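> A predicted structure for the sequence below; I have some questions about it.
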Amino acid sequence: MRRVILAICATAVGLVLLLSFKTQTQSGVTGASPAAALGSPAPGNDAASPSASASGSAKSGTAGSAAAKTVTGAAWPTIYGPVQVKITVADGKITAATAVEYPLNTPRDQQINAYAIPQLNAETVAAGNAQIDTVSGATYTSQGYQQSLQSALDQAGL
């Protein structure tokens with residue numbers, strides 16, 4: 001009986017260790033800020049500040065199509081800092097999505113958002129709307145991203 005209990009406990013411990021194993025690695029970019037690795041301006045740059053990129057600003061004639069326009073959603077506050085999304089729309093479809101402002105205050109914020117923001121950007125273009133999945137481990141950023149994205153979509157008329 002003792003051997004059965006010991007085997008069950010060992011199996012449970014092994015399973016917990018296996019499930020908690022992390023295979024994700026940090027970005028291979030060295031000497032650059034996480035914002036630069038994501039291709040986004042760091043907070044504090046004029047392009048990332050809410051005063052410089054007014055919510056709802058639309059520009060016509062961006063790269064490629066005369067019908068394309070770029071819209072920046074409202075900065076959505078989260079407990080870690082605001083999240084703001086800029087989308088490019090052509091022919092009624094989202095062709096590009098970029099988070100122009102997001103939390104980078106701590107190394108943990110940088111680590112989480114270096115992983116989450118590219119996923120959110122790609123999923124936005126694939127989905128074509130604000131019905132995107134929350135990135136595990138980046139719940140607040142994901143929720144702020146979705147709200148700012150919906151604001152941009154509303155302003156773009158989608």
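Looks like it arrived, so ask away. Numbers count the residues shown, from 1 in each chain.

> would you map the helices across this structure?
Along the chain, the segments classed as helices by DSSP state H run 2-19, 34-38, 107-127, 139-156.

> Pro77: which of the ones you listed is closest?
helix 139-156 (7.2 Å; C-beta to C-beta). Glycine gets a C-beta too; all of them are placed from N, C-alpha and C.

> next, the angle helix 107-127 makes with the closest one.
With axes from the mean of the first three to the mean of the last three C-alpha atoms, to 10 degrees as the basis, helix 139-156 and helix 107-127 are set at 40 degrees to each other.

> if we can go back for a sec, which of the helices of the chain sits most buried?
Highest mean neighbour count among the helices of the chain (mean count of other C-beta atoms under 10 Å): helix 139-156, with a mean of 21.

> who are the packing partners of that helix?
strand 69-72, strand 84-90, strand 93-101, helix 107-127 (3 or more C-beta pairs under 8 Å, 6 or more residues apart in numbering; DSSP states H and E).

> which residues touch that helix?
By C-beta atoms under 8 Å, 6 or more residues apart in numbering, the residues outside helix 139-156 that reach it are 55-56, 58, 69, 71-80, 82-87, 89, 94, 97, 99, 102-103, 112-113, 116-117, 120, 124, 129-130, 132-135.

> list only buried entries from those.
Buried members of the contacts of helix 139-156, counted by 16 or more other C-beta atoms under 10 Å: 69, 71-76, 78, 80, 82-87, 89, 94, 97, 99, 102-103, 112-113, 116-117, 120, 124, 130, 132, 135.

> low-confidence ranges in this protein?
Where the chain drops to pLDDT under 70, the residues are 21-66.

> so which residue is smack in the middle of it?
Ile117 (2.5 Å; C-alpha atoms, centre = their mean).

> residues touching the residue nearest to that residue when sequence neighbours are not counted, list them.
Excluding its sequence neighbours, the residue lying closest to Ile117 (C-beta to C-beta, 6 or more residues apart in numbering) is Ala99, at 4.8 Å. By C-beta under 8 Å, 6+ apart, the contact set of Ala99 is 38, 40, 83-86, 113, 117, 120-121, 145.

> what's the spacing between Lys86 and Gln111?
Per C-beta to C-beta, to the nearest Å, Lys86 is found 23 Å from Gln111.

> kindly report the same for Gln155.
To Gln111, Gln155 is 31 Å away according to C-beta to C-beta.

> wait, Ala97 touches Thr124, no?
Yes. Contact criterion C-beta atoms under 8 Å: Ala97 and Thr124 qualify, at 3.8 Å.
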